[in-house]
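# The sequence isn't on hand, but the structure is:
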């Protein structure tokens, strides 16, 4: 699927409120459809595995599906797989070819514990979800939270490696969902004006600044390694998915533009060629005020104001 640049710009200029509402309604329908398929699958497994590359909106999508299932009478919980990271040990941590610790590797996770917890939940047993403290790069079992699923309850485990064979291979009956911002923006001739991967990068740049106080340079420096990890550890396993989900919204580039352009303009031209390309592409996008973005929109995961939180 691709979005028409002309359609976006015309809608933003003429009636931004209606355009935002239309885009959100289309996204909500995808959420409802995913929830319906998950609910129909619950007799086979209590576990939903949700994966996608960085900047896909995994956390908010998981919480939206959880709410939709809850509203339909299927009690559901969401757990971030980040909590299953191993405490960093330089002696045993996976490494890149260059010798640096490979933080993108699935083997930074405690795969054995994850698979054991999945099996226990499906058997109706109680697990204790650990808490990973990123500031200390340590997993804390003392901050763990107990979880026990009732007969018809479900749990969504969301994380970039959720569909990796080392997890799916032990949990073939789980419902598997892959999400990513998969739509380009094209001009009247069908030429790509804005690549879908750039949307995820813009989301990350804005989120890193809004929530971590990081400038665009920090995000841009990390991006090549993030993309390397995606190509090695995430994209090859998307075919494991029971359902693929496009998490992009047609109007969000217009909303992101006023946030991301000033951050990219702080970078010297030529330092990051991809940043220069994004800035040039943004010139064609009509900007839009964020007042049209609902509080519960996926876009709020990146610009702020979201009411969703996961374990």
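The structure has been received and is ready for your questions. Quantities reported herein were computed from a predicted structural model and do not represent experimental measurements. Numbers count the residues shown, from 1 in each chain.

# before we move on, what SS does the closest residue to residue 288 other than its chain neighbours have?
Nearest in space to residue 288, with sequence neighbours left out and distances taken as CB to CB, 6 or more residues apart in numbering, is residue 254 at 3.6 Å. The C-beta positions use only the backbone N, C-alpha and C, and glycine is treated the same way. Classification of residue 254 by DSSP: H, G, I helix; E, B strand; the rest coil places it in helix.

# My understanding was that residue 254 contacts residue 282; is that so?
No: counting by CB atoms under 8 Å, residue 254 stays clear of residue 282, with 9.8 Å between them.

# where do the helices sit along the stretch 1-150 of the chain?
In the stretch 1-150 of the chain, the helices defined using DSSP state H, counting those that start in this stretch lie at 5-14, 16-40, 58-71, 111-122.

# looking at these, which is buried most?
Stretch with highest mean neighbour count among the helices of the stretch 1-150 of the chain: helix 58-71 (a mean of 22; mean count of other CB atoms under 10 Å).

# that older thread, export the helices of the stretch 1-150 of the chain to a markdown table and tack on distance to residue 82 and mean pLDDT?
What follows is the helices of the stretch 1-150 of the chain, written out as a markdown table (distance: least, CB to CB, whole Å; pLDDT from 0 to 100):
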| stretch | distance to residue 82 | mean pLDDT |
| --- | --- | --- |
| helix 5-14 | 33 | 98 |
| helix 16-40 | 22 | 97 |
| helix 58-71 | 10 | 96 |
| helix 111-122 | 12 | 95 |
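
# Report the next helix or strand after the longest strand belonging to the chain in sequence order.
Secondary structure of the chain per DSSP state E: the longest strand is strand 138-147. Counting by DSSP states H and E, the next helix or strand C-terminal to strand 138-147 is strand 154-158.

# Partner strands of that next one, with direction?
Within its sheet, and counting by DSSP bridges, strand 154-158 is paired with strand 47-51 (parallel), strand 76-80 (parallel).

# Residues touching the first one, excluding its own?
So that's strand 47-51. Residues from elsewhere that reach strand 47-51 (CB atoms under 8 Å, 6 or more residues apart in numbering): 38, 58, 61-62, 65, 118, 121-122, 154-164, 167-168, 171, 173-179, 234, 237-238, 241.

# That one to helix 58-71, inter-axis angle?
Orientation check (axes from the mean of the first three to the mean of the last three CA atoms, to 10 degrees): strand 47-51 against helix 58-71 gives 150 degrees.

# wait, doesn't residue 261 sit right on residue 280?
No: in this structure residue 261 lies outside contact range of residue 280 using CB under 8 Å: 10.9 Å.

# which residues sit against the worst-scoring helix or strand of the chain on mean pLDDT?
Ranking every helix and strand in the chain by mean pLDDT, DSSP states H and E puts strand 138-147 at the bottom, with a mean of 88. Contacts of strand 138-147 with the rest of the structure, by CB under 8 Å, 6+ apart, involve 77, 79, 83-88, 110, 121, 126-133, 155, 311.

# Which PyMOL command selects the buried ones in the residues you listed?
Applying 16 or more other CB atoms under 10 Å to the contacts of strand 138-147, the buried members can be selected in PyMOL as follows:
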select buried, resi 77+79+83+84+85+86+110+121+127+129+130+131+132+155
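
# about what we covered before: how about CSV for the helices of the stretch 1-150 of the chain, with distance to residue 146 added?
Output for these, formatted as CSV (distance: least, CB to CB, whole Å):
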stretch, distance to residue 146
helix 5-14, 47
helix 16-40, 23
helix 58-71, 18
helix 111-122, 12
